[in-house]
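Visitor: What follows is a predicted protein model with its sequence.
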Amino acid sequence: MLYVLASASPRRRELLAQILNKFEVIPATSEEKVNISLFPEQTACALAENKCDEIFEKNTSKTVIGCDTVVVFNGEILGKPKNEEDAYKTLKALSGKTHYVITGVCVRNRFKKIKNYEKTEVRFNQLSDEFIKDYVKSGSPMDKAGSYGIQDGGLVKEYFGSYTNVVGLPVTLTKKLLEEVLTDL
């Protein structure tokens, strides 16, 4: 079976390698458009499905995995930061507070397409202005939803749910969806 990960994220690539020995990486390139009338869980799944469908159109003989992660704080979806100032504001807002990380996963082959999501509650440490400024200057927040990576130390006080979900690919859910999509073969 040939697999394709529809993501450029090196973190997703590393996580998928925990459950698949061999796969291609073909990043989706379509614009991520958030439909504000959807719940965050539906948004994550819709974005994942769009990525999956885009790559599947040219890879119909393969099993494609698309995913998208959103961070939800006070009912609002926080995307990737537009710039350093945006990253600083986001991290300042999350400091000492709780938010949710939701990753939608869509798996599709020529026989079946299924999608689902994982949701993890994350509590941040109280972050000093200096810590936030140094973290933003490191560049790490710039390609991440919510402007942070859980794997970057000092940010997260505790979490409830899947760690790999917060990194960007819920491994257990992805494995389950792959098994489910392949049962009809």
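Guide: It's in.
Visitor: Can you point out the buried residues in the longest helix along the chain?
Guide: As assigned by DSSP state H, the longest helix anywhere in the chain is helix 40-56. The neighbour-count check on helix 40-56 (16 or more other Cβ atoms under 10 Å) flags 40-41, 43-56 as buried. Using the backbone N, CA and C atoms, a C-beta is placed for each residue, glycine as well.
Visitor: can you tell me which residues contact residue 28?
Guide: By Cβ atoms under 8 Å, 6 or more residues apart in numbering, the contact set of residue 28 is 6, 7, 50, 51, 52, 54, 55, 66.
Visitor: Serialize the residues you listed to CSV and add fields for pLDDT and distance to residue 111.
Guide: As requested, those are exported to CSV (pLDDT from 0 to 100; distance: Cβ to Cβ, whole Å):
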residue, pLDDT, distance to residue 111
6, 97, 18
7, 94, 22
50, 95, 20
51, 96, 19
52, 97, 14
54, 97, 19
55, 97, 17
66, 97, 17
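Visitor: Reformat those residues as JSON lines; add distance to residue 85.
Guide: Below are those laid out as JSON lines (distance: Cβ to Cβ, whole Å):
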{"residue": "6", "distance to residue 85": "30"}
{"residue": "7", "distance to residue 85": "27"}
{"residue": "50", "distance to residue 85": "29"}
{"residue": "51", "distance to residue 85": "28"}
{"residue": "52", "distance to residue 85": "33"}
{"residue": "54", "distance to residue 85": "31"}
{"residue": "55", "distance to residue 85": "33"}
{"residue": "66", "distance to residue 85": "31"}
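Visitor: what ranges do the strands span in the protein?
Guide: Here the chain has its strands, by DSSP state E, at 3-5, 24-25, 63-73, 76-78, 98-108, 113-124, 156-160.
Visitor: Which of those strands has the lowest mean pLDDT?
Guide: Here the lowest mean pLDDT among the strands of the chain goes to strand 76-78, at a mean of 92.
Visitor: which parts of the lowest-mean-pLDDT helix or strand in the chain are buried?
Guide: Every helix and strand in the chain was compared by mean pLDDT, DSSP states H and E; the lowest is strand 76-78, with a mean of 92. By neighbour count with 16+ other Cβ under 10 Å, strand 76-78 contains the buried residues 77, 78.
Visitor: repeat for stretch 21-38
Guide: For stretch 21-38, the neighbour count (16+ other Cβ under 10 Å) marks 23, 25, 26, 28 as buried.
Visitor: which stretches of this structure have low pLDDT?
Guide: Counting by pLDDT under 70, the chain shows low-confidence ranges at 34, 36, 184-185.
Visitor: which ones are touching residue 164?
Guide: Residue 164 neighbours (Cβ under 8 Å, 6+ apart): 15, 170, 171, 172.
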